[in-house]
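**Q** Provide a 3D model corresponding to the input given below.
(chains A, B, C and D)
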Protein chains: 4
Amino acid sequence: MESKDTPPKQSVEEVEVRGHIIDSLLLPKILDRVTTSGGQFRIKDIAIGQQRNDPSYALIDIMADSPKVLDDILGAIRDHGAVPTDMQDARLEACDMEGAFPEGFYSSTNQQTEVRLDGDWIGVDDQEMDCGIVIDLEARAARCVPMSDVTPDMLIVVGHAGVRVFPHDQGRKGQSFEFMNSSVSTEKPKGVAIRKIAQEMVENRRAGKKTLVVGGPAIVHTGSGKHLCKLIRGGYVDRLFAGNALATHDIEHALFGTSLGVFLQQGDLAEAGHEHHIRAINRIRRAGGIANAVKDGVLQSGVMYECIKNDVDFLLAGSIRDDGPLPEVMTDAIGAQRAMRSAVRDVEFCLMIATTLHSVAVGNLLPARVRVVCVDINPSTVIKLGDRGSMQTVGLVTDVEPFLRVLVQEVETLEETLGAP
Amino acid sequence: MESKDTPPKQSVEEVEVRGHIIDSLLLPKILDRVTTSGGQFRIKDIAIGQQRNDPSYALIDIMADSPKVLDDILGAIRDHGAVPTDMQDARLEACDMEGAFPEGFYSSTNQQTEVRLDGDWIGVDDQEMDCGIVIDLEARAARCVPMSDVTPDMLIVVGHAGVRVFPHDQGRKGQSFEFMNSSVSTEKPKGVAIRKIAQEMVENRRAGKKTLVVGGPAIVHTGSGKHLCKLIRGGYVDRLFAGNALATHDIEHALFGTSLGVFLQQGDLAEAGHEHHIRAINRIRRAGGIANAVKDGVLQSGVMYECIKNDVDFLLAGSIRDDGPLPEVMTDAIGAQRAMRSAVRDVEFCLMIATTLHSVAVGNLLPARVRVVCVDINPSTVIKLGDRGSMQTVGLVTDVEPFLRVLVQEVETLEETLGAP
Amino acid sequence: MESKDTPPKQSVEEVEVRGHIIDSLLLPKILDRVTTSGGQFRIKDIAIGQQRNDPSYALIDIMADSPKVLDDILGAIRDHGAVPTDMQDARLEACDMEGAFPEGFYSSTNQQTEVRLDGDWIGVDDQEMDCGIVIDLEARAARCVPMSDVTPDMLIVVGHAGVRVFPHDQGRKGQSFEFMNSSVSTEKPKGVAIRKIAQEMVENRRAGKKTLVVGGPAIVHTGSGKHLCKLIRGGYVDRLFAGNALATHDIEHALFGTSLGVFLQQGDLAEAGHEHHIRAINRIRRAGGIANAVKDGVLQSGVMYECIKNDVDFLLAGSIRDDGPLPEVMTDAIGAQRAMRSAVRDVEFCLMIATTLHSVAVGNLLPARVRVVCVDINPSTVIKLGDRGSMQTVGLVTDVEPFLRVLVQEVETLEETLGAP
Amino acid sequence: MESKDTPPKQSVEEVEVRGHIIDSLLLPKILDRVTTSGGQFRIKDIAIGQQRNDPSYALIDIMADSPKVLDDILGAIRDHGAVPTDMQDARLEACDMEGAFPEGFYSSTNQQTEVRLDGDWIGVDDQEMDCGIVIDLEARAARCVPMSDVTPDMLIVVGHAGVRVFPHDQGRKGQSFEFMNSSVSTEKPKGVAIRKIAQEMVENRRAGKKTLVVGGPAIVHTGSGKHLCKLIRGGYVDRLFAGNALATHDIEHALFGTSLGVFLQQGDLAEAGHEHHIRAINRIRRAGGIANAVKDGVLQSGVMYECIKNDVDFLLAGSIRDDGPLPEVMTDAIGAQRAMRSAVRDVEFCLMIATTLHSVAVGNLLPARVRVVCVDINPSTVIKLGDRGSMQTVGLVTDVEPFLRVLVQEVETLEETLGAP
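**A** Numbering: from 1, shown residues only, chains lettered A, B, ... in the order given. This next block holds a predicted model:
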């Protein structure tokens, strides 16, 4: 990024921004970024849409005291859609080793991105944050690749030049959830929120789009497994991501009637109930896995049973706190990530319930366009998701059991109203 | 409390304990108290019930290095039911001023208590923690009196002698809730808990006993007002304690459709909606109060409307964060306490929903025998209640809206099953 | 607000906005408000400041389908500084009764406001949210008045015409706290935050400005009273607002070494320690109040003692959960509010520690220009403050004891560095 | 367990309990367990220690309606130390497959356990909950083995006969922490608690015992890394268990001055700072790992640097939310568990800071005798640890940064007071 003919020591670059730049707060964010980073700006042209849906346009000079500072600023505001008017091709560099990028690699966001090759803009596939962009020159294709999948032959984008980002326009699609976005307050009309989630799930299913549920063991502990089973049988769950704990306690409940030793029917403790979960795992291991246990009639109810019976892809990712684990659990974190990555490609709606670990893991993998609803009684899970860049997440601080119970009721009411698809 | 003929410097007192002293952990607590306070004990006789329901008995010598320490220990273990075998009458002292007890007054617990007068044990009325016990010698009656109600003519119990306490036997009555008592974990089967609360409310109503609901404004903000209205219309609420905020936002909702400016039907913000609550208060003040507003047709729905229509006693206690307030709000804290105190005398079941301030205030006033269920999405409210001595409280960490929705469903199902009373 | 000569059914009004309208997100907020309320806008002129500190200007036509909707929109966006170019005087109406405004009264915000009288703009004194504006025609003065202080002779502003609001420019002054504003995340560099709070407190004191501390009893329970005492002795606290509980447990600690019965030195429970707080209150009531108790030598240490000794105005507001209360406690909520209102007039910095009730109450009274820092281990307190309109609040989710300990250390370090003022 | 010659349908077994059975609530727990499980008891003999430190003894008949129920009860109360007087040898069964126990295997607790072989009681090594007990007949040795380590040749204990458990006597050793055990209240004197933790750490080091720190990334985000570095340099940390996140953000901070993109010195956001952590990982992967990066001078400060320099064993366990990960991260959950298991064998004190995942994982592995202190600003972490059986855990709900800062101060003060060891 060279400085032009300006007063000595000042570097300048002209950028432009298009879209709902005022409405969606993009322009304020960009200008704020420039000045807080020690840069300056001069708005050379601005055209603000006359109506809410009209796109706006701004042409801005960004100035800084050194090329280094200017480059940093340009890198930062590029994520908000500010693109230099003086276009260059993306700079590519071959990887020199397994499992690591070249220094200075372009680090991806979860926003729709394009890369400039020979003057043409190429869309980036498999959009995911914190990845590099690998270029296939022959196919003229670009895609995100995580660090651990790097091989020495890959061509990687380096620096910010020749990359442009299209921030997801949340205002348009997210309208219905807008009211919940402002904070993690617990003092919101919850019935409305749950009804809207039910609408999204019904619409998603009727449109033939995929829904992913990511769940923690509190679903079982709180006695909500049966509600999730209904959603599975109704066809609202295309994929289920969970850990050893959800599956174990679900199976414990199917075999012993307890979850963590608590009888879910009566709410009291079973004798030696703390052993039930470990006996449940042992029995499934002896049966050769969940699918076999269903086939052999060992496992006859519950969330995992319904997944098998209704052909729902489930993916159990391991963690260091797992007992057993169940044979289907993928114990290698990177292997599990790879499997999750390929399983989320066609997901359009994601419901995360009562799990911080799996929610953050999945949030890392999803592109910004996927609608995410995160439900947890603990506000910190939702806050963490937001802090880590999953901005498209709508958080709902509520209790799992009544949430899922009411969600099922709302879905059923909606289906009755709508009639057969 | 004089020391007997023991080695010099050692004070001794013989105490006895009766009841479910092992089962209910009383004996361990007493022995633990003695030793952690620097005292020693010698168990002289012990008879443990052979069966769970048989009462046990223990005769114990308590020893300490000084009469002062011994007296402190005896005071502490007396709250757990350990009574000196060497009985004395209660010592009485006349109050010497308005609004304060004599130094050394006996400070009451919320457990059933008796006072010894001329060799006879007299039951204490109006049992409440942190009060003094005033004696009417003529009527041979004793009752708890709060500090602010002390008048100079009163006779007050001083010291621990001649007072005995009967700790409430939680194990017996509380069985059904036992499983929830252990902790404030959110990972419990909530459906079971709500069903049991519904059972208690239905049983309480059918037995002709009084139920008190203590509620915070989150009931309205979360869109749960309509569920509470159903409970009121069904006759499950005999008293309602709340503050200006619940009543204001309930009326705001009735007049404008919003709560804190959020439309509860759609969940979106109203124009200038933050003004709605203050306009609602103004309108009720102009109408001369809630009751008048209902009579004049200004107020036609909501929790307060149902209270008026269904003759539910409501008590609105003021606080320093009140706007307005509504004319019915009692702005004097001590006056409101007095009104609450007399209104809880015949309450047998108390449901506290989403309010720390009012829950703790009511918890202070209730005797230990009253069943209390405290529902809040924030565990700290329940923890605080427990820390302040309201041990009979069962806490449920869950979300107000789905909780009340499901509670109403469970109550309706139960009523159908049971048929007309 | 009449419609002009536009196509039938459409009402139009021209408004203008000045200030940091892009930088501070005012323009986006205004445009968003217009369209979500069913209105439309046309930007007729816009001049955006070339530099960060240059003010911007926009001239906008607001259109709606009915005069009612238009008026609602104008009312809402006026709070964000959008003023009709077609200026009118404020409309005044005499109050017709005690304690209530006329219907349609202008409901104030906590932002700097001006009222137009005979073509001149008059500043509003005693700015406070949720009040009416009373006009003294003779003195040509305007001030906020709460509903409960209305008397029949007052002239009150009605409707939105002739009122303009200057939203507080947070970006300029608040710079140093900006990083904490984004969320209530607990995962922030706390040491930096505490150092900045120390800086503000030292600067405020050196500038001769007043600092208000609002505190809850957890200050005492957590053993932090001694840190607050240091701040008082150092002159960093000009006013203290608290409740009966903070004062009681502080005095309990001074008299018995315990807080809620827990010995703060060793952390273990005192014998019968639950009685200590009630005995402490009784003793102070017998002494005729805190000030007398200090004079008589009954009270010789602690927060309240230091307030008396260092001439710090303290204000104890009562609540329904108070035992006693202490004689200095103002038990009438409205009376306490009045006293608080007059005591905050000259406050420039406010530190709220571990109390939801008092924090929200004080937040309601403060104008938007006062810097507020709210410290609580429970994120919900900070969230609530924000939800209720106290937007100038900076929240810090941390633990009271180490917070105050480190704050004192930072203040002392700063004073050493700065030397004598 | 056969029934003896009792009235038909009733099964009886005589058990005995020894130890601090009243003081430590063992007897009440046992009797309660019996009756809630539908059994009955008859206390045939009881001898209660006259002094606090005297052991007690009880001989009890347990009765139930069926041998099955009786056996369940005996299994449950055995965990509390109730041992049948009619002693049998442990029943052994050979494993029939890889990675699973025989049905009916004895499931271990984390309490000290003995197994009866040919009439002799053999201590169980490697005590850990939720394992089986494998017997080496030749060596006459017993040890816990997790399910995933089972091989077909192993002899496993089956059923409860011939196994006895010695519940850890918390009262004795845990004295100093007793006050914190009661609840997760945030309203406790924190300074005292931190001083006591400092004492334990200093004593543990001076006694030559091992201390394990388990930490989450909030240590770095909150700017507390430097405090942990001081503890490491002082020799108070023998092992460090963490995940990829703590190490990554620590290294991000060392390389870029930021944590998750926030400058820890000033607390403001870095340009494109969200990329820093991924660039940090990339750089360490290019360097061939943390140790190499330290050797090459790439990494010159921070927690991981200090671990390398001070020969602290660190173990980084992977999870599905990891970026990268760093080369030292063990990505296989079961492999990481095995490594953790062998690294905790000689640990006597464990400090868990701000991580639910790793705390629960380590809690699962530790025997009950190890002192555990769990520090988190979120009460739910501590609650979860307790719910999962790690009862020896002392929870402290406080903020990481000031906690660690004050802990270091207290440790330094103590060391000065104590002088050179």
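
**Q** just checking, A:Val372 is part of a strand?
**A** Yes. When DSSP: H, G, I helix; E, B strand; the rest coil is applied, A:Val372 is found to be in a strand.

**Q** tell me what it is bridged to.
**A** Going by DSSP bridges, A:Val372 is paired in beta bridges with A:Cys350, A:Thr393.

**Q** count residues in the vicinity of A:Asp96, would you?
**A** Around A:Asp96 there are 12 other residues, counting by other CB atoms under 10 Å in any protein chain shown. Just so you know, the C-beta spots here come from the backbone N, C-alpha and C atoms, and that holds for glycine as well.

**Q** just checking, it touches A:Asp153?
**A** No. In terms of CB atoms under 8 Å, A:Asp96 does not count as a neighbour of A:Asp153; the distance is 10.4 Å.

**Q** so where is chain A shaky, pLDDT-wise?
**A** Scanning chain A for pLDDT under 70 picks out A:1-9, A:21-25, A:48-55, A:168-188, A:265-273, A:386-392, A:421.

**Q** name the residue of it that lies nearest to chain B.
**A** Distance from chain B to each residue of chain A (CB to the nearest CB) is smallest for A:Pro402, at 2.8 Å.

**Q** state the distance from that residue to B:Pro217.
**A** Distance check for A:Pro402 against B:Pro217: by CB to CB, to the nearest Å, it reads 20 Å.

**Q** which residue ranges make up the domains of chain A?
**A** Listed by automatic domain parsing, the domain ranges of chain A are A:1-86, A:87-163, A:174-418.

**Q** any chance of CSV for those, columns distance to B:Thr356?
**A** As requested, the domains of chain A are arranged in CSV below (distance: least, CB to CB, whole Å):
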stretch, distance to B:Thr356
domain A:1-86, 36
domain A:87-163, 39
domain A:174-418, 13
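
**Q** ok, A:Asp323 - contacts?
**A** Under the criterion of CB atoms under 8 Å, 6 or more residues apart in numbering or on different chains, the contact partners of A:Asp323 comprise A:Asn244, A:Thr248, A:His277, A:Ile278, A:Ile281, D:Asp130, D:Pro146, D:Met147, D:Asn364.

**Q** in which helix or strand does the residue nearest to the third one when sequence neighbours are not counted reside?
**A** When the adjacent residues along the chain are set aside, A:His277 lies closest to A:Glu252, with 4.6 Å between them (CB to CB, 6 or more residues apart in numbering or on different chains). Take DSSP states H and E as the rule and A:Glu252 turns out to sit in helix A:244-256.

**Q** and that helix, what does it pack against?
**A** Packing contacts for helix A:244-256, counted by 3 or more CB pairs under 8 Å, 6 or more residues apart in numbering or on different chains; DSSP states H and E, involve helix A:218-221, strand A:258-259, helix A:276-287, helix A:290-295, helix A:303-309, strand A:313-317.

**Q** quick one, which of A:Pro402 and B:Pro217 is more surrounded?
**A** More crowded of A:Pro402 and B:Pro217, by other CB under 10 Å: A:Pro402, with 27 against 24.

**Q** so that one sits right up against B:Val400, yeah?
**A** No. Shown here, A:Pro402 and B:Val400 do not form a contact pair, counting by CB under 8 Å, at 9.6 Å.

**Q** for the residue of chain A closest to chain B, which three-state class applies?
**A** Using three-state DSSP, the three-state assignment for A:Pro402 comes out as helix.

**Q** distance check, it against A:Asp323.
**A** For A:Pro402, the distance to A:Asp323 (CB to CB) stands at 29 Å.

**Q** same thing with A:Gly302?
**A** As it turns out, when the distance is counted by CB to CB, A:Gly302 lies 18 Å from A:Asp323.

**Q** from the helices and strands packed on helix A:244-256, which stretch is densest packed?
**A** Between these, helix A:218-221 has the highest mean count of neighbours, a mean of 28, where neighbours are mean count of other CB atoms under 10 Å in any protein chain shown.

**Q** off-centre distance for it?
**A** Between the mean C-alpha point of helix A:218-221 and the mean C-alpha point of its chain there is a distance of 22 Å (CA atoms, centre = their mean, to the nearest Å).

**Q** hmm, back to that, the helix holding A:Glu252 versus helix A:276-287: what angle between them?
**A** Orientation of helix A:244-256 against helix A:276-287 (axes from the mean of the first three to the mean of the last three CA atoms, to 10 degrees) gives an angle of 90 degrees.

**Q** and helix A:244-256, how far out from the chain middle?
**A** Mean C-alpha position of helix A:244-256 versus that of the full chain (CA atoms, centre = their mean) differs by 27 Å.

**Q** can I get that helix as PDB, trimmed to CA atoms?
**A** The C-alpha atoms that make up helix A:244-256 are tabulated as PDB, following Å, rounded to 0.1, in the frame of the first residue of the first chain:
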ATOM      1  CA  ASN A 244     -21.000 -38.200  25.200                       C
ATOM      2  CA  ALA A 245     -23.000 -36.800  28.100                       C
ATOM      3  CA  LEU A 246     -26.300 -36.100  26.300                       C
ATOM      4  CA  ALA A 247     -26.300 -39.500  24.700                       C
ATOM      5  CA  THR A 248     -25.200 -41.300  27.900                       C
ATOM      6  CA  HIS A 249     -27.900 -39.800  30.100                       C
ATOM      7  CA  ASP A 250     -30.500 -40.200  27.400                       C
ATOM      8  CA  ILE A 251     -29.600 -43.900  27.300                       C
ATOM      9  CA  GLU A 252     -29.400 -44.100  31.100                       C
ATOM     10  CA  HIS A 253     -32.900 -42.700  31.200                       C
ATOM     11  CA  ALA A 254     -34.100 -45.300  28.600                       C
ATOM     12  CA  LEU A 255     -32.500 -48.200  30.500                       C
ATOM     13  CA  PHE A 256     -32.900 -47.100  34.100                       C
END
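
**Q** all set, thanks.
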